[in-house]
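> let's see this in three dimensions:
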Amino acid sequence: MKAVVATVAVDNTFFSFDTDYSYIVPNSILENAQIGSKVSVPFGRGDKTRDGIIIELVETDLEKSNNLKKIKSIDEKLLDDELVKLAVWLKERCFCTTYDCLKQMLPRKYGVLKGKSERMVRLLVDDESELSQVTKKQKIVCDLLFDIGTAGANEICEFCSVGISVLKNLENNGIIEFYSKEIYRNPYENKEVLDNSEILLSEEQQKAYLTNKNMLGSGKSGLLFGVTGSGKTQIYLKLIDDVIENGKDVIVLVPEIALTPQTLSIFHRRYGDKVAVIHSGLSLGERNDEYKRIDRGLAKIVVGTRSAIFAPVHNLGLIVMDEEQEQTYKSERTPRYNAKDIAKFRARYNKAYFLMSSATPSIETYSNALNGKYVLSTVTQRYGNAVLPNVITVDMKNEMKNGNKSPISSILLQHLTETIDNGKQAILLINRRGYNTFIACNECGHVITCPNCSISLTYHSYNNRLVCHYCGYTKKLDNICPECGSDAVRYSGFGTQRIEEELQALLPDAKILRMDADTTTAKFSHEKLLEQFGNKEYNILIGTQMVAKGLDFEDVTLVGVVNADNSLYDQNYTASERSFDLITQVVGRAGRRDNSGTAIIQTVNPQNETIDFASHQDYIGFYNNEIMIRKLMIYPPFCDIYSATFTGENENTVALCSKAFFDRLVEYNSDEYKDIKLVVLGPTQAKISKINNTYRYRLAIKCKNSQRIRQMITKILKDVNKDKVYSKVSISISLNPPDIS
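Below is the predicted model of the structure:
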């Protein structure tokens, strides 16, 4: 006798006991058993019912499976074979359970997609002669249905000025029937194709396009490297046209919601309702319905942020990752995946093509492209008549010496005035929100910090409160030092609110728009703010990094970087790369199309090499300088880095747990895994050592990523997790995170 056994990934299991569980599939539900199906299973000593997903089905001898529990019920198939295999692959690389990975691929935690439906009405008669006994109001309804065939019950009542009882009487007389029709909650519905004209490319663009077109169907990856404003979007739009024409699907990734409005506008104009959108700004219902449109083939192009890489497309031909260098493509929640790795997996699996695009590619990506791991195509000139902006670097030390204590230099103020007088627009970047970013006591030197986190509070003027940007703690501004009771509290540093107020005082007639995390909390706020700026309702747009990239406004002729030093001297090894990227990208917003542009970079260190390279938009120069430093210090791409973070409410236990992990690492590396070469940094307190009353320690492992190193880390994790002393310490492992300090 044979039995079918299902391997099931079960929800709410622990990594320290990580395994997937075997269950017998009863004959009564066997025909519904498929890989990717949701099931209910008995679990644990009490046989409590838990959700799970089938990841494998095998036939075995009944005698060998006698001790196995049986699946209770099987629901619909939620995931296709590709996504199940992706979850199994991802689990081994992210040090979590299989179900943790599967949940990323479902639009909601437990998977079943309950749709929204509308009550519809249709006629059951074919001839008007059958309506001799109907009332006048009923006749109006029937005439409408003879004209249009079917309609929503509410629409009929409104259009015909009748009550629902009229429809119910028609139903009772067998003239009409009610039925339900599933409708899709789509915030971008009814988008018509407005421009499907042929895309015209320059000679340089055409060369890049053909290079990448030849890679379609290869399963490989490529990098499209082009200066800001060079028309990279036009190149990959033309590739998308080719892929759609061949009946295949496309995923387009953008790094953050702020970049979706303009990107979506381009895609909706060209492809209409073929476009589906996936990002965290959608409601749960809207997100579910977008998944269904994708799954059913109603949408052929998926545009979204990081999680869109898991979209259930079934005929994938192309993945585009815009601004590939952005850190937001790396998840810092379980499972800690990089969307870039998922894209490579899906491209290989589907023999699709994965194209990364950027004016400032990450050091690792550009290095891989130069070494032939990725196909490299380059665009060096701006599109059409547009030229790179003239860049002016302002030494803020000289401004202070000349008596200007404002964060706005005299040169920037002059150019802002001229820009507004000429009817043009400006974008200012200040990568700190709030009003003042540092508050301390002049009397005793105490820095006003969050009681729950080891981070200073930020003053927000709109509600007159001090705020922690990590845990959300707030307190009313009282100007009293909590340490010595003095009222000699000083406020320094400046964020977007302070710059907005400063500019309003300097330019009282200017119309200023602020865009940061405080002004973009409402649904579709990004779209509304950018639309207002695009319609020239405002002269100046002030914002954090969300205004630095991907935006294209024809009348923006001036860009200002208010404080180029903000992230330049961070302790992390990627500090220079991040600063170069941010400055280069925002400078590139100036002077699009036929308008000449100017960019002004304010800094206290104008001799800094990174600022100099960024001011000249010289990525190659920056890369050559940075790659030498990385090689000397042994940082990616010359190694991989696994970062282990230990968090818990008792600092001593957290510290001991990190030490236990280190000791076990040394032990394994001296014996069973002595073939692995590695360098360990730490363990030590994290740069921000406490967040929301949990203490944090870090340990970094420089190594070459391989199955062997992952096996060793998995063993260490299980060993430490099984020690009851550390039961309340959470350990997370991340590969090549943006920050290891």
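
> other residues contacting stretch 230-243?
Stretch 230-243 is contacted from outside by 199, 201-202, 205, 208-209, 212-213, 216, 224, 226, 249-250, 252, 266, 270, 301, 317-318, 320, 322, 355, 357, 359, 379-384, using C-beta atoms under 8 Å, 6 or more residues apart in numbering. Using the backbone N, CA and C atoms, a C-beta is placed for each residue, glycine as well.

> ok, 6 Å please
Under the contact criterion C-beta atoms under 6 Å, 6 or more residues apart in numbering, stretch 230-243 has outside partners 199, 205, 208-209, 212, 224, 226, 250, 317-318, 320, 357, 379, 382-383.

> tell me where the model's unsure across this structure.
16-18, 107-116, 182-192, 258-260, 283-284, 385-386, 523, 592-594 (pLDDT under 70).

> outline the domain layout of it.
Split into domains by automatic domain parsing, the chain comes to 2-104, 116-183, 203-379, 390-435+494-631, 640-735.

> of these, give the one that comes closest to L457.
Counting by C-beta to C-beta, L457 lies closest to domain 390-435+494-631 out of the domains of the chain; the figure is 9.2 Å.

> how long is the closest one end to end?
End-to-end distance for domain 390-435+494-631: 33 Å, by C-alpha to C-alpha, to the nearest Å.

> how many neighbours does Y623 have?
A total of 19 residues lie near Y623 under the criterion other C-beta atoms under 10 Å.

> please disregard the earlier target; I meant S596.
Neighbours of S596 under the rule other C-beta under 10 Å: 13.

> in a helix, that's where it is, yeah?
No. Secondary structure of S596 (DSSP: H, G, I helix; E, B strand; the rest coil): coil, not part of a helix.

> can you give me the distance of it to S409?
Distance of S596 to S409, given as C-beta to C-beta, to the nearest Å: 21 Å.

> now the domains of the chain as TSV including distance to S741?
Output for the domains of the chain, formatted as TSV (distance: least, C-beta to C-beta, whole Å):
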stretch	distance to S741
domain 2-104	21
domain 116-183	46
domain 203-379	14
domain 390-435+494-631	5
domain 640-735	4
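
> so which of these comes closest to V447?
Closest of these to V447 is domain 640-735, at 13.8 Å (criterion: C-beta to C-beta).

> what about that closest one, distance to the chain center?
Chain-centre distance of domain 640-735: 27 Å, with C-alpha atoms, centre = their mean, to the nearest Å.

> do stretch 599-611 as well
Worked out by C-alpha atoms, centre = their mean, stretch 599-611 lies 30 Å from the chain centre.

> can we start the residue count at 26 from this point?
Will do, 26 is the new start, and the previous item becomes stretch 624-636.

> one step back: most surrounded residue in the contacts of stretch 255-268?
L249 (32 neighbours).

> once you drop chain neighbours, what's closest to it?
Spatial nearest neighbour of L249, excluding adjacent residues (C-beta to C-beta, 6 or more residues apart in numbering): S382 at 4.4 Å.

> relative to K325, how far out is that neighbour?
Computed as C-beta to C-beta, the S382 to K325 distance reads 20 Å.

> where along the stretch 426-575 of the chain do the strands fall?
Per DSSP state E, counting those that start in this stretch, the stretch 426-575 of the chain carries strands over the ranges 450-454, 463-466, 483-485, 490-492, 499-501, 514-517, 537-540, 565-568.

> what would those look like in CSV with distance to V338 and mean neighbour count?
Formatted as CSV, these follow (distance: least, C-beta to C-beta, whole Å; neighbours: other C-beta atoms under 10 Å):
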stretch, distance to V338, mean neighbour count
strand 450-454, 35, 26
strand 463-466, 47, 19
strand 483-485, 42, 21
strand 490-492, 41, 19
strand 499-501, 43, 12
strand 514-517, 50, 14
strand 537-540, 32, 21
strand 565-568, 33, 26
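
> nearest to N415, of those?
Comparison of the strands of the stretch 426-575 of the chain against N415 by C-beta to C-beta identifies strand 450-454 as nearest, at 14.2 Å.

> who's in contact with the closest one?
By C-beta under 6 Å, 6+ apart, the residues outside strand 450-454 that reach it are 441, 444, 564-567, 572-573, 580-581, 583-587, 611, 614.

> again, 8 Å this time
With contact meaning C-beta under 8 Å, 6+ apart, strand 450-454 is reached by 440-441, 444-445, 524, 528, 558, 561, 563-570, 572-573, 576, 578, 580-587, 607, 611, 614-615.

> let me see the contact set for I636.
By C-beta under 8 Å, 6+ apart, I636 lies in contact with T418, A589, L593, S604, I608, I626, T628, N630.

> then L264 would be within a helix, right?
Yes. Counting by three-state DSSP, L264 is found in a helix.

> coming back round to it: just the contacts of stretch 255-268 now: which is nearest V191?
Among those, and counting by C-beta to C-beta, the member closest to V191 is V275, at 47.3 Å.

> so which helix or strand takes in the closest one?
Secondary structure assignment for V275, by DSSP states H and E: strand 274-278.

> quick one, the next helix or strand after that strand and strand 274-278 angle?
Later in the chain than strand 274-278, the nearest helix or strand by DSSP H and E is helix 285-296. Interaxial angle of helix 285-296 relative to strand 274-278 (axes from the mean of the first three to the mean of the last three C-alpha atoms, to 10 degrees): 160 degrees.

> is it true that E229 lies in a strand?
No. Secondary structure of E229 (three-state DSSP): helix, not part of a strand.

> pull the contacting residues for the nearest residue to it once chain neighbours are set aside.
In space, E229 comes closest to V404 once its chain neighbours are excluded; the distance is 5.4 Å by C-beta to C-beta, 6+ apart. Contact analysis of V404 by C-beta under 8 Å, 6+ apart lists E229, Q230, A233, L249, F250, G251, V252, S255, G256, K257, I260.

> just to revisit the earlier point, next step: the contacts of stretch 255-268 restricted to strands.
Counting by DSSP state E, the part of these found in strands is L249, G251, V275, G342, L343, V345, S382, V404.

> distance check, the first one against K365.
It refers to L249. As judged by C-beta to C-beta, L249 and K365 stand 14 Å apart.

> just the CA atoms of the longest helix along the chain, as PDB, please.
If you go by DSSP state H, the chain has its longest helix at helix 676-695. Listed next in PDB are the C-alpha coordinates belonging to helix 676-695 (Å, rounded to 0.1, in the frame of the first residue of the first chain):
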ATOM      1  CA  GLU A 676      22.100  44.600  28.300                       C
ATOM      2  CA  ASN A 677      24.300  42.100  30.200                       C
ATOM      3  CA  THR A 678      22.500  39.100  28.700                       C
ATOM      4  CA  VAL A 679      22.700  40.600  25.200                       C
ATOM      5  CA  ALA A 680      26.500  41.200  25.600                       C
ATOM      6  CA  LEU A 681      27.000  37.600  26.900                       C
ATOM      7  CA  CYS A 682      24.900  36.200  24.000                       C
ATOM      8  CA  SER A 683      27.100  38.000  21.500                       C
ATOM      9  CA  LYS A 684      30.200  36.700  23.300                       C
ATOM     10  CA  ALA A 685      28.800  33.100  23.200                       C
ATOM     11  CA  PHE A 686      28.200  33.500  19.500                       C
ATOM     12  CA  PHE A 687      31.800  34.700  19.000                       C
ATOM     13  CA  ASP A 688      33.200  31.800  21.100                       C
ATOM     14  CA  ARG A 689      31.200  29.200  19.100                       C
ATOM     15  CA  LEU A 690      32.300  30.800  15.900                       C
ATOM     16  CA  VAL A 691      36.000  30.500  16.900                       C
ATOM     17  CA  GLU A 692      35.400  26.900  18.000                       C
ATOM     18  CA  TYR A 693      33.800  25.800  14.700                       C
ATOM     19  CA  ASN A 694      36.300  27.700  12.600                       C
ATOM     20  CA  SER A 695      39.100  25.900  14.500                       C
END
